[in-house]
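In: pasted the sequence and its predicted model underneath.
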There are 2 protein chains.
Amino acid sequence: MSLRIAPTRARDEVPTATVERLPVYLHVLDRLRAGGIATVSSAELAERSGVTSAKLRKDLSHLGSFGTRGVGYDVDFLHRSIADWLGVHEPLGVVIVGLGNLGHALATYRGFAGGGFRVVGLIDVDPDVVGRTVACGDESLTVRPVADLREVAASAQIGVIATPGSAAQDACDRLVAAGVTHLLSFAPRFLAVPPGVEVRAIDVGVELQILAFRQRQAAHEPGAVSA
Amino acid sequence: MSLRIAPTRARDEVPTATVERLPVYLHVLDRLRAGGIATVSSAELAERSGVTSAKLRKDLSHLGSFGTRGVGYDVDFLHRSIADWLGVHEPLGVVIVGLGNLGHALATYRGFAGGGFRVVGLIDVDPDVVGRTVACGDESLTVRPVADLREVAASAQIGVIATPGSAAQDACDRLVAAGVTHLLSFAPRFLAVPPGVEVRAIDVGVELQILAFRQRQAAHEPGAVSA
DNA sequence: TAGATTGTTAATCGATTAACAATC
DNA sequence: TAGATTGTTAATCGATTAACAATC
């Protein structure tokens, strides 16, 4: 194992678009490493990540210099460098609000365990759901009532909103009131939050509409605007 | 009801970024309309959509001219104009592969019904899951085995991949072989597809990593790259 | 050395923003 | 008319791309 020092740069100089691709590279490197691949070129890594090699090299150049000209990247070293730069070392606590099918899927999602996360709390309004245990990675958690949200959220850095749309803003408000500043929302609705709180929203309906548009466009269906 | 003619423009002249925001505007307009609001200004609509008013007006200007200076937009007219431009009139068929918790959540998602979609097929490998009926909007569908994928996919324009990551590429290949050209994937893995096939990937792990990075950045935790 | 591949440069491209003329 | 708000312009900003010098 090499003892190279990675000459990294400050986080806030790195473009947003680059930051949003780093987890993808990290994931691909993880799989390469698991497959016993020791070295990878920017062309290979880029293709497996779904980007161009120029973009990949440009992205990495914002963090520092990790490769060897004429050779490529040491998979393990590059993985460690990106992971360290992102700060994956100590896991963040995640609280999930809403344990319908989606919430369950998220709670049992293996990605939480692997990538520096730990589910620390599950909250639901339904008395039939409260009290159930859900296996989250290694440990099991009990679903707790909304009354416990504040207490549970105290040990969480990230909140996940998996409630029906009608309950999303309320869940959001409660999480924010409990001091959670970073939220991942699956609700089909724009969430109003105070300054300093960041929401990433995943709206399946919107994603489908975009895909549908492209599909119709590809099919050359006119679909003109009528009177 | 007005009989205004919307002077729209060709679809392929409209920027990608704009197209990807149109479904959001459409959704907000839908809610405004449901709330009995007849007129809305760009400032109001923009705020509810989470964008600036300048961006909203610029976006709409790519499709045509829908407002009235000094007044704002007629909610119903603007909604209809965007819906028509996107081509929401005739619903697209959706086939969902993988009916774990996530697949179930998607199958019962009301967004499918509302926004010009119709779930036409459910596919799973698990013999225990095959044969079950799932309520998708108005109608109930029976989960069918992978052997039926080709037949089911024939009436679908969009494929949704909700399998575990390890089965995602196989599901993708089968859908593509069946002629489905537009895919929405929830698998934490890059899917290789032939040219002409479009994949939108939603990776919860990646989303969380981005959020986690911002959280750690906001907390001013150094997390420097080590040797 | 010869071949390969990185890291960087500079040009291009697209998206955002602020300001305002047009006009209801 | 006076006030309000759109649609558009032009400037700015950020991201992508191609090409190549550096260097293993």
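Out: All right, it came through fine. Numbers count the residues shown, from 1 in each chain, chains lettered A, B, ... in the order given.
In: list the buried residues of the helix ranked longest in chain A.
Out: If each helix of chain A is counted by residues according to DSSP state H, the longest one is helix A:204-218. In terms of neighbour count (16 or more other CB atoms under 10 Å in any protein chain shown), helix A:204-218 has its buried residues at A:204-216. For the C-beta atoms, the positions are set from N, CA and C on the backbone; glycine is no exception.
In: does that helix come close to chain B?
Out: Yes - where contact is defined by CB under 8 Å from any CB of the partner chain, part of helix A:204-218 touches chain B, namely A:204-218.
In: so what secondary structure elements neighbour that helix?
Out: Judged by 3 or more CB pairs under 8 Å, 6 or more residues apart in numbering or on different chains; DSSP states H and E, the packing partners of helix A:204-218 are helix B:22-34, helix B:75-86, strand B:92-97, helix B:110-114, strand B:158-161, strand B:182-185, strand B:198-201.
In: what pLDDT, on average, does it get?
Out: Model confidence over helix A:204-218 averages 93 on the pLDDT scale.
In: which other residues reach it?
Out: Helix A:204-218 is contacted from outside by A:186, A:188, A:223, B:11-12, B:19-20, B:22-24, B:26-27, B:86-88, B:92, B:94, B:106, B:109, B:111-112, B:114-117, B:157-158, B:181-184, B:196, B:198, B:200, B:202, using CB atoms under 8 Å, 6 or more residues apart in numbering or on different chains.
In: weed out the non-buried ones from those residues.
Out: Judged by 16+ other CB under 10 Å, buried ones among the contacts of helix A:204-218: A:186, A:188, A:223, B:11, B:19-20, B:22-24, B:26-27, B:86-88, B:92, B:94, B:106, B:109, B:111-112, B:115-117, B:157-158, B:181-184, B:202.
In: sketch out the low-pLDDT regions of chain A for me.
Out: In the predicted model of chain A, residues A:1-12, A:112-114, A:220-227 satisfy pLDDT under 70.
In: convert stretch A:43-50 to PDB, retaining C-alpha atoms only.
Out: Backbone C-alpha positions of stretch A:43-50 (Å, rounded to 0.1, in the frame of the first residue of the first chain) are rendered in PDB as follows:
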ATOM      1  CA  ALA A  43     -11.500   6.100 -20.100                       C
ATOM      2  CA  GLU A  44     -12.500   2.900 -18.300                       C
ATOM      3  CA  LEU A  45     -13.700   4.600 -15.100                       C
ATOM      4  CA  ALA A  46     -15.600   7.200 -17.100                       C
ATOM      5  CA  GLU A  47     -17.400   4.700 -19.300                       C
ATOM      6  CA  ARG A  48     -18.500   2.700 -16.200                       C
ATOM      7  CA  SER A  49     -19.700   6.000 -14.600                       C
ATOM      8  CA  GLY A  50     -21.600   7.200 -17.700                       C
END
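In: A:G93: what's it in contact with?
Out: A:117-121, A:155-158 are the contacts of A:G93 under CB under 8 Å, 6+ apart.
In: going by distance to DNA strand C, which of the residues you listed wins?
Out: Compare each of the contacts of A:G93 with DNA strand C using CB to the nearest atom of the strand and the shortest gap goes to A:I158, at 24.7 Å.
In: give me the beta-bridge partners of that closest one?
Out: For A:I158, the beta-bridge assignment (DSSP bridges) gives partners A:V94, A:H182.
In: surely it and A:I96 touch.
Out: No - with contact defined as CB atoms under 8 Å, A:I158 does not count as touching A:I96 (9.6 Å).
In: nearest residue to A:A192 in space, please, no chain neighbours.
Out: Beyond its immediate neighbours in the sequence, the residue positioned closest to A:A192 (CB to CB, 6 or more residues apart in numbering or on different chains) is A:Q169, lying 6.9 Å away.
In: wait, that neighbour sits on A:V193?
Out: No - distance between A:Q169 and A:V193: 9.5 Å, which falls outside the contact criterion (CB under 8 Å).
In: what sits against the closest residue to A:V14 other than its chain neighbours?
Out: For A:V14, the nearest residue in space outside its immediate sequence neighbours is A:H62; the separation is 4.6 Å by CB to CB, 6+ apart. For A:H62, the contacting residues are A:9, A:13-15, A:18, by CB under 8 Å, 6+ apart.
In: just the buried residues of the residues you listed.
Out: The neighbour-count test (16+ other CB under 10 Å) applied to these identifies A:14, A:18 as buried.
In: closest to DNA strand D out of the contacts of A:H62?
Out: A:P15 (3.1 Å).
In: and the contacts of stretch A:154-169?
Out: Contacts of stretch A:154-169 with the rest of the structure, by CB under 8 Å, 6+ apart, involve A:92-100, A:102-103, A:106, A:117, A:120-121, A:125, A:153, A:171-172, A:175, A:178-189, A:191-192, B:208, B:211-212, B:215, B:219.
In: and with 6 Å instead?
Out: Stretch A:154-169 is contacted from outside by A:92-98, A:102-103, A:106, A:120, A:171, A:175, A:180, A:182-189, B:211, B:215, using CB atoms under 6 Å, 6 or more residues apart in numbering or on different chains.
In: pop the domain breakdown of chain A in here.
Out: As recorded under automatic domain parsing, the domains making up chain A are A:11-86, A:92-207.
In: out of those domains, which comes closest to DNA strand D?
Out: Within the domains of chain A, the stretch nearest DNA strand D is domain A:11-86; the backing value is 2.2 Å (CB to the nearest atom of the strand).
In: secondary structure element for A:L45?
Out: Secondary-structure assignment from DSSP states H and E places A:L45 in helix A:42-49.
In: list the buried ones in whatever helix or strand comes next after that helix?
Out: Scanning forward in sequence from helix A:42-49, with DSSP H and E defining helices and strands, the next element found is helix A:53-63. Buried residues in helix A:53-63, counted by 16+ other CB under 10 Å: A:56, A:59-60, A:62-63.
In: compute the inter-axis angle for helix A:53-63 and helix A:42-49.
Out: Per axes from the mean of the first three to the mean of the last three CA atoms, to 10 degrees, the angle that helix A:53-63 makes with helix A:42-49 is 100 degrees.
In: burial count for A:V160?
Out: A:V160 sits with 31 neighbouring residues when counted by other CB atoms under 10 Å in any protein chain shown.
In: please report how far it lies from B:G50.
Out: Using CB to CB, to the nearest Å, we find A:V160 at a distance of 19 Å from B:G50.
In: please apply the same query to A:S61.
Out: Between A:S61 and B:G50 the distance is 32 Å, computed by CB to CB.
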